[in-house]
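Enquirer: Return a 3D structure for these sequence lines:
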Amino acid sequence: MTDLTDLPYANRPLRVGVQLQPQHASYAELRAAVDAAEECGVDIVFTWDHFFPLSGDADGPNFECYAMLAAWAEQTERVELSALVTCNSYRNPDLLADMVRTIDHISGGRIILGIGAGWFERDYTAYGYEFGTAGSRIAALGEALPRIRSRFDALNPRPTRRIPVLIGGGGERKTLRLVAEHADIWHGFGTLEELTHKNEVLNSWCAEVGRDPAEIERSTAVQQGPDEVADDLAALGERLITLDTDGNAGFDLSLTRDWVQYRDEFNAR
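Expert: All right, here's what the predicted structure looks like:
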C-alpha cells in the first residue's frame, strides 16, 4: 500500500458525493432524493448533463442539468452542487460562466463547475450540436476553460468565491494536461492500477506546467462498498468518492450511507 507521506495531494479530508442521475423519475422523486442525500451527510450532490437517459428506456424521463442545479441551490442548505460533468459543447463558455456564477449566488457559494469534453453522440445530434471528433471536442474544452475563468472575473456581481473546477476524463496526452493547467479536482475512472498510473501521469503534467500536484483533489466513482475498496483508494490519494443512483433504483442511498460512515471514521483518524 502506498505511503501517504509520498502523496502530498492526500493531505486532505475524505469527501463523499452522490450523483442523482435524473433519469426514469418524476421531479418530485428527484427533489425527495436531494433532501435525503443532504440529510444522510454527503458533501456534494451531483447531477449529469445529458438530454436522454443513458440506461434503461432510452426515451424515458430525464431532466436538464442547469435548471435543476438552480432549483437544488434553493432547496439545499449545506451540500455543494455540481454536474458530473457539464458537456462543454452544449453552452457558450461565457454563458456557462454566467449560469454557474448565478447558481453560486443562489446557493451562497456552493457550486462546483464540473466539466468535460462531451461524448454522448445522441445528445449532439438530437439537439443540433456538431459532434466532431474526440480531438476537436477536447480542443474546444481547452479553449473554453480560460474563457470561463475570464468571464467569472468580468461579471457583476462576481462569484462569491473562486469557483472550483472539476474536470472529468482520463486522456493522458490532452485531458490530463488540461487538468494540470486548470482543475481544482480531477475525476478519473478505472481500476486501482489504472488510477495509480493516471495519477502518475497527472503529476508529470503538473511538473511540466509548473503546478503543485497537491492543489488538485483526486476523485473517482465507485460501485462497491467501503469494506472492499476504501482503504486501497484512500492509500492511492483518492479523496472524493462518488456514488450514483437513479429513478430505476428508487434513488437508493444505502451504499452512499456506508461511505459516509467510512468517511467519518477515516477523517477521525
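Enquirer: Where does pLDDT dip in the stretch 1-150 of the chain?
Expert: Applying pLDDT under 70 to the stretch 1-150 of the chain flags residues 1-6.
Enquirer: Walking through it, point out its helices one by one.
Expert: All helices of the stretch 1-150 of the chain, identified by DSSP state H, counting those that start in this stretch, fall at 27-40, 65-75, 93-107, 121-127, 134-154.
Enquirer: can you list contacts of the first one?
Expert: Residues external to helix 27-40 that are found in contact with it (CB atoms under 8 Å, 6 or more residues apart in numbering): 18, 20, 22, 25, 45, 63, 68, 71-72, 75-79, 245, 247, 251, 253, 256-257, 260. The way it works is simple: take the backbone N, C-alpha and C, and place the C-beta from them, glycine included.
Enquirer: go again using 10 Å as the cut-off
Expert: Contact partners of helix 27-40, identified using CB atoms under 10 Å, 6 or more residues apart in numbering, comprise 16-23, 25-26, 42, 44-47, 61, 63, 68, 71-72, 75-79, 81, 243, 245-247, 250-254, 256-257, 259-261.
Enquirer: go on, the second one?
Expert: The set of residues external to helix 65-75 that reach it, using CB under 10 Å, 6+ apart, is 20, 22, 27, 30-31, 34-35, 37-38, 45-51, 63, 79, 81-87, 90-91, 96, 99-100, 102-108, 110-111, 114.
Enquirer: Tell me what angle it forms with helix 27-40.
Expert: Put simply, helix 65-75 runs at 50 degrees to helix 27-40, going by axes from the mean of the first three to the mean of the last three CA atoms, to 10 degrees.
Enquirer: Can you check what angle separates helix 65-75 from helix 93-107?
Expert: Following the same axes, to 10 degrees, one obtains 20 degrees for the angle between helix 65-75 and helix 93-107.
Enquirer: Show me which residues of helix 65-75 are buried.
Expert: Within helix 65-75, the residues scored as buried using 16 or more other CB atoms under 10 Å are C65, Y66, M68, L69, A70, A71, W72, A73, Q75.
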